[in-house]
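**Q** what follows is a predicted protein model with its sequence.
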Amino acid sequence: MGCGEEFGRETCGRVSDYKEKRFCSRECYFEFHQGKNHHHWKGGIKTRPDGYIRDSKTDRYIHRLVMEEHLGRTLLSTEHIHHIDGNPKNNKVSNLQIVTHSEHGKIENRYRTRDRLGRYT
């Protein structure tokens, strides 16, 4: 495992994997534990706590990639993608709508609640 270099226990570091003689150094350990070998790897995607999904390879949102593929062009930075059903995990083209920043704010504010003084909660 790791770089394949042979080493003895006395050259190992403090992490348990070093003590088990699987890696010759911290650098070797961290180099090995990237991408698919990393304990947080989820098949090439990252999911935010609010449900939006990012592609690990391009570090871009999946809904933007889906819309770009559908349109056959790169989205402008001024173009926002609205999930019609409000579910950020539903990235079907039929659920996505291109809007401007201000249009997106108006759409989203329809569903926000206000307190007795009219402030958004």
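**A** Nice, thanks for sending it over.
**Q** hey, let's count contacts and neighbours off CA atoms from now on
**A** Fine.
**Q** need the helices for this protein, in chain order.
**A** 16-19, 26-32, 62-71, 101-109 (DSSP state H).
**Q** got the contact list for stretch 110-117?
**A** Outside of stretch 110-117, the residues within contact range by Cα atoms under 8 Å, 6 or more residues apart in numbering are 120, 121.
**Q** for it, the distance to its chain's centre please.
**A** With Cα atoms, centre = their mean, to the nearest Å as the basis, stretch 110-117 stands 30 Å off its chain's centre.
**Q** mean confidence score for that stretch?
**A** In this model, stretch 110-117 has an average pLDDT of 86.
**Q** ends of it, what's the gap?
**A** 17 Å (Cα to Cα, to the nearest Å).
**Q** now stretch 97-105
**A** Using Cα to Cα, one end of stretch 97-105 lies 13 Å from the other.
**Q** can you check stretch 71-85 too?
**A** 20 Å.
**Q** kindly report the same for stretch 52-72.
**A** End-to-end distance of stretch 52-72 (Cα to Cα): 22 Å.
**Q** I'd like the numbering to begin with 46 instead of 1 from here.
**A** Got it, the first residue is 46 from now on, which makes the last one we talked about stretch 97-117.
**Q** perfect, that will be all.
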